[in-house]
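Peer 1: Return atomic coordinates for the entry below.
(4 chains)
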Number of protein chains: 2
Amino acid sequence: MSNVRDIAEAIGSPVAFTAKVLQQLARKGLISSMKGAKGGFYIEAKTLRHLNLCTIVNAIDGNGITENCMLGLRECSEKNPCPVHHQYKHIKAGIIKMLNESMVNNLTIDVEKKLSVLKN
Amino acid sequence: MSNVRDIAEAIGSPVAFTAKVLQQLARKGLISSMKGAKGGFYIEAKTLRHLNLCTIVNAIDGNGITENCMLGLRECSEKNPCPVHHQYKHIKAGIIKMLNESMVNNLTIDVEKKLSVLKN
DNA sequence: TATATAAAGGACAAATTCATCCTATTTAAC
DNA sequence: GTTAAATAGGATGAATTTGTCCTTTATATA
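Peer 2: Now for the predicted structure:
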């Protein structure tokens, strides 16, 4: 259980802004929260086990990454492609694969070992 | 030689905004312009032969795509990586490769054949 | 040379994203 | 029960991106 101030400090992000993001995640059920003294945010063990970056990105930004055309066309598909549709679809697939395979519980390991950082 | 109105129409973008983008490209030398009656924008044959999307993206948006950390850290490198640095670097390399290999003169071929579209 | 046409560029306006502030609500502990 | 600590959420403000408008400058052509 961590409070907003500690989380904001740990990631080098403004407290109020961090709070809004955490609220969004809590509303979507990706994290849990408790009000009041000794309250804060935490992740259910069961949730954490399946939590990947794709779920988080979708919760905050929607599915734009997986849906949007690189050139911004509203209708861009295999049938009606923009000039870079066929090239970009592989990039997009790679991003989705990467986000799906990035499990939060794994990412934390390197952070704990100080092999990766959350702010600078 | 095409004027701003025709270009804006062809890509479904506001005329004034399109003009600003074209001006930026002209200042960087990626396209050429001529003022006055019968004026407009065009690309030198020699420039076109080597013009790829990477050059254009860099001219308009800077080198953020190739430089920026996925998580927004200012300092994110092999030595000091964010939690997804090692996963994202492959995506990033793919994007750069794709942009570098996308030659404008090739992309126009499919557009001319109506195999791809610039607006909808 | 006069006129019409088109880009150049500065100033401004709108929309979106990013971020803050304040009040209400909930909870722990005394 | 009172108090202190913490999230929830609405309203607001700042910054950035996106887009517009208007005047100036340059060019072709009659």
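
Peer 1: What is the neighbour count of residue A:88?
Peer 2: Using other C-beta atoms under 10 Å in any protein chain shown, residue A:88 has 22 neighbouring residues. The way it works is simple: take the backbone N, C-alpha and C, and place the C-beta from them, glycine included.

Peer 1: What's the mean pLDDT across the host helix or strand of residue A:97?
Peer 2: Residue A:97 is part of helix A:85-101, with elements assigned from DSSP states H and E. Averaged over helix A:85-101, pLDDT sits at 96.

Peer 1: distance between it and the chain's centre?
Peer 2: Here helix A:85-101 is found 16 Å from its chain centre; the criterion is C-alpha atoms, centre = their mean, to the nearest Å.

Peer 1: Please pull up the helix or strand immediately following it.
Peer 2: helix A:104-112.

Peer 1: Determine the set of other helices and strands touching that next one.
Peer 2: Helix A:104-112 makes packing contacts with helix A:45-50, helix A:53-61 when contacts are defined by 3 or more C-beta pairs under 8 Å, 6 or more residues apart in numbering or on different chains; DSSP states H and E.

Peer 1: what comes up buried for the first one?
Peer 2: Read it as helix A:45-50. residue A:47 (16 or more other C-beta atoms under 10 Å in any protein chain shown).

Peer 1: tell me which strands and helices that helix is in contact with?
Peer 2: Looks like helix A:45-50 contacts helix A:104-112 (3+ C-beta pairs under 8 Å, 6+ apart).

Peer 1: how far off helix B:85-101 does the helix it packs on point, in degrees?
Peer 2: With axes from the mean of the first three to the mean of the last three C-alpha atoms, to 10 degrees applied, the angle from helix A:104-112 to helix B:85-101 works out at 100 degrees.

Peer 1: Which elements pack onto the helix holding residue A:97?
Peer 2: Under the contact criterion of 3+ C-beta pairs under 8 Å, 6+ apart, helix A:85-101 touches helix A:53-61, helix A:64-67, helix B:85-101.

Peer 1: For residue B:57, find the nearest of those.
Peer 2: For these, distance to residue B:57 was read as C-beta to C-beta. The smallest value, 5.9 Å, belongs to helix B:85-101.

Peer 1: buried sites along the closest one?
Peer 2: Buried residues in helix B:85-101, defined by neighbour count with 16+ other C-beta under 10 Å: B:85, B:87-88, B:91-92, B:94-95, B:98-99.

Peer 1: Run the angle between that helix and helix A:53-61 for me.
Peer 2: Using the same axes, to 10 degrees, the interaxial angle of helix B:85-101 with respect to helix A:53-61 works out to 70 degrees.

Peer 1: which residues sit against helix B:85-101?
Peer 2: A:84, A:87-88, A:90-91, A:94-95, A:98, A:101-102, A:116, B:52-54, B:57, B:65-66, B:69-70, B:76-78 (C-beta atoms under 8 Å, 6 or more residues apart in numbering or on different chains).

Peer 1: give the contact list for residue A:53.
Peer 2: Each residue near residue A:53 by C-beta under 8 Å, 6+ apart is listed here: A:98-100, A:102, A:104, A:107, B:84.

Peer 1: Please repeat the previous calculation with a cut-off of 6 Å.
Peer 2: A:99, A:102 (C-beta atoms under 6 Å, 6 or more residues apart in numbering or on different chains).

Peer 1: can you check residue A:7 too?
Peer 2: When the contact criterion is C-beta under 6 Å, 6+ apart, the partners of residue A:7 are residue A:18.

Peer 1: Can the helix or strand harbouring it be said to contact DNA strand D?
Peer 2: Secondary structure assignment for residue A:7, by DSSP H and E: helix A:4-11. Yes: using C-beta under 7 Å from any atom of the strand, helix A:4-11 reaches DNA strand D at A:4-5.
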